[in-house]
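> Test case, fold it:
(2 chains)
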Protein chains: 2
Amino acid sequence: VPFKQVENLSHDSLVRRAASLVTDSSSTFLSQVTLALIDAVTEYAKAVHTLIALQRRYLASLGKLSPAEEDAIWQVIISQRAEVNHRQDELKRFELTWATSVRLCETAAEAAYISGAENASIMIRTNIQLAQSQVEEAQKLSLDAEKKLAETKVMEVERMTQHAASLESNNDEEIPDAYLRED
Amino acid sequence: VPFKQVENLSHDSLVRRAASLVTDSSSTFLSQVTLALIDAVTEYAKAVHTLIALQRRYLASLGKLSPAEEDAIWQVIISQRAEVNHRQDELKRFELTWATSVRLCETAAEAAYISGAENASIMIRTNIQLAQSQVEEAQKLSLDAEKKLAETKVMEVERMTQHAASLESNNDEEIPDAYLRED
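Below is the predicted model of the structure:
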């Protein structure tokens, strides 16, 4: 059918098809980056929660540990802080890639629309919205973890002040009178 | 090989692969739009050259044609002007799509780079430059055609003025003395 053939070979239809391939691959890219970002958020939140648990356990046992036990728990806390930093770097890296992938998809949607591939344009815009709501949902995890970490920091300052005060009053009692004389 | 398998399934490698698919499809889109634009430029330039030839033929035969012949050639010129306008609309449409496709490819290059797919990023940037130089080359055709059309317009004004002047002096001779008397 010659007419059909001409239609298939028209620049408009070739451009339209190529635009659809772009929206397909851009959507796939966005999905991969969204999954990676959600995983990164989850891992970061998990690492923060582990740090919080370690710090609370340490605070709860303040004054009941030997110096060696205290050293051991501090080693664990320090390495968990490094893990939190590492997970935060990963998270920031994927956040940057994700923002770029959203921008890419928006440009792909525009390119599809201008090429007459309206359906492809609508589909990718739907995918952008879906990804955005998924990421917003996941980011609540990390916000929640960071809020709890801040609360633990407040608790830490309070406990350490109490502990220092009790150590001082203990020391006052324990210091022999000889040391208090001024001769 | 377990290590290899983990590498294949890492978010980073999946994101990198997805980014490469985006640069591939964006390059294809750019190629299709570039071909369409170059064809549109060529067709527009061809239409302008045909219009120029018709106008020059008309100007060369000024005063040698019967009113019917003159009408016929004007019909052809008018329909050729419509053709030029149509080709210019097509050209502008593809120029807009092309600008969008370049912007898309630049975003895809950025997305590939940020995802660690440096080679894909470099390749698509090379394709952008290639497309840009091809389009610049093609645009010379339309600029040249438009320049020639402007020259023909100048020529047209000169010839029509000459022709009008010669008609007037002929008319002066032909107008019976009776019409010039003021009684």
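
> Lowest mean pLDDT among the helices and strands, pick that one out for chain A.
helix A:177-180 (a mean of 47; mean pLDDT, DSSP states H and E).

> the inter-axis angle of the strand or helix carrying residue A:49 versus helix B:11-60?
Take DSSP states H and E as the rule and residue A:49 turns out to sit in helix A:11-60. Relative orientation of helix A:11-60 versus helix B:11-60 (axes from the mean of the first three to the mean of the last three Cα atoms, to 10 degrees): 150 degrees.

> Helix A:11-60 - contacts with which helices or strands?
If contacts are counted by 3 or more Cβ pairs under 8 Å, 6 or more residues apart in numbering or on different chains; DSSP states H and E, helix A:11-60 sits against helix A:67-114, helix A:118-174, helix B:11-60, helix B:67-114. In this view, the C-beta of every residue, glycine as well, is placed from N, C-alpha and C.

> Out of these, which one sits most buried?
Highest mean neighbour count of these: helix B:11-60, a mean of 21 (counted as mean count of other Cβ atoms under 10 Å in any protein chain shown).

> Give me the distance from it to the chain's centre.
10 Å (Cα atoms, centre = their mean, to the nearest Å).

> residue contacts, residue A:35?
By Cβ atoms under 8 Å, 6 or more residues apart in numbering or on different chains, the contact list for residue A:35 reads B:11, B:14.

> now residue A:107
B:100, B:103-104, B:107 are the contacts of residue A:107 under Cβ under 8 Å, 6+ apart.

> What of residue A:21?
Contacts of residue A:21 (Cβ under 8 Å, 6+ apart): B:25, B:28-29.

> Which pLDDT does the model give residue A:160?
We note a pLDDT of 85 for residue A:160 in this prediction.

> and residue A:116, what are its phi and psi?
phi 90, psi 10 (degrees, to the nearest 10).

> can I assume it is in contact with residue A:14?
No: counting by Cβ atoms under 8 Å, residue A:14 is not a contact partner of residue A:116; they are 11.3 Å apart.

> Excluding chain neighbours, give the residue nearest to the residue most central in space within chain A in space.
Chain A has residue A:41 as the residue nearest its centroid, 3.3 Å off, counting by Cα atoms, centre = their mean. Nearest non-adjacent residue to residue A:41, counting by Cβ to Cβ, 6 or more residues apart in numbering or on different chains: residue A:138, 4.4 Å away.

> do you know how far that neighbour is from chain B?
14 Å (Cβ to the nearest Cβ, to the nearest Å).

> Then residue A:77?
Counting by Cβ to the nearest Cβ - residue A:77 and chain B are separated by 28 Å.

> wait, what's in contact with that residue?
Neighbours of residue A:77 in contact, by Cβ under 8 Å, 6+ apart: A:51, A:54-55, A:58.

> Closest one of these to residue B:92?
residue A:51 (59.4 Å; Cβ to Cβ).

> Not counting its neighbours along the chain, what's nearest that closest one?
Here the residue nearest residue A:51, using Cβ to Cβ, 6+ apart, is residue A:80, at 4.6 Å.

> Now do the contacts for that neighbour.
Per Cβ under 8 Å, 6+ apart, neighbours of residue A:80: A:47, A:50-51, A:54.

> In TSV, list these along with pLDDT.
Listed next are the contacts of residue A:80 as TSV, based on pLDDT from 0 to 100:
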residue	pLDDT
A:47	97
A:50	97
A:51	96
A:54	95
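
> ok, of those residues, which one's closest to chain B?
residue A:47 (16.3 Å; Cβ to the nearest Cβ).

> Perfect, I'm done here.
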